[in-house]
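# my questions are about this predicted structure, shown below with the sequence.
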Amino acid sequence: MTTTIEPPTSDASPSDKSRREFFRQACHAATLGALGVLLQACGAGNPAGPSSSASTLPVLNGATGQGVVTLAIDAGSPLATIGGVAFVQAGSTSLLVGRTSQDGFTALSAICTHQGCQITGYSGSAYVCPCHGSRFAVSGQVLNGPAATNLRVYSTQFASNVLTITL
């Protein structure tokens, strides 16, 4: 069976025009409803979703070369104290760095494992993805989805106030 849809003609009756308008509006409403469900599933408007209370991480610039990123940590650095966190940009590499002890740091990929968004926020001792609200511990573990995979962890060394991150 073949269904043929004919374009509207100027001699269509008022009831045909009303029916077409009804179906056009019904399809429009259904599309908007489906979009709303999709946005909620990705975190918009739900408690686990994107948080407007997340603070933007301070940005530090590192140097990159021969498979490592180096970063000087002075007294004014957001990483100068235990518990400090920062977004580190070194060339095309983006990292989340946290100071965990006097000489200990964690360095993580700043790319969310859900859909590849760049993580730039921090709230309640967790990194927060701005796209869909995934939250990650400073160790890189997923705290709340939709991400299901932990962030990549890089090894770090700290000596003479220079943090070295091996990529």
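Received the coordinates, thanks.
# all contacts plus neighbour counts: C-alpha atoms, from now on.
Will do.
# quick one: contacts for F136?
Under the criterion of Cα atoms under 8 Å, 6 or more residues apart in numbering, the neighbours of F136 are A126, Y127, V128, V142, L143, N144, N150, L151.
# surely the last one touches C112?
Same thing as L151. Yes: A contact is recorded between L151 and C112 when judged using Cα atoms under 8 Å, the distance being 6.9 Å.
# the two: who's more crowded?
When L151 is set against C112 and neighbours are counted by other Cα atoms under 10 Å, the residue ahead is C112, at 26 against 23.
# isn't that one up against I119?
Yes: the pair C112 and I119 qualifies as a contact (Cα under 8 Å) at a distance of 6.2 Å.
# can I have the buried ones of the contacts of F136 as a ChimeraX selection?
Below is the selection syntax for ChimeraX that covers the buried ones among those, with 16 or more other Cα atoms under 10 Å defining burial:
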select :126,127,128,142,143,144,150,151
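# of the contacts of F136, which belong to strands?
Judged by DSSP state E, strands contain the following of the contacts of F136: A126, Y127, V128, V142, L143, N144.
# how's this structure carved up into domains?
14-46, 55-166 (automatic domain parsing).
# looking at those, which is buried most?
Highest mean neighbour count of the domains of the chain: domain 55-166, a mean of 18 (counted as mean count of other Cα atoms under 10 Å).
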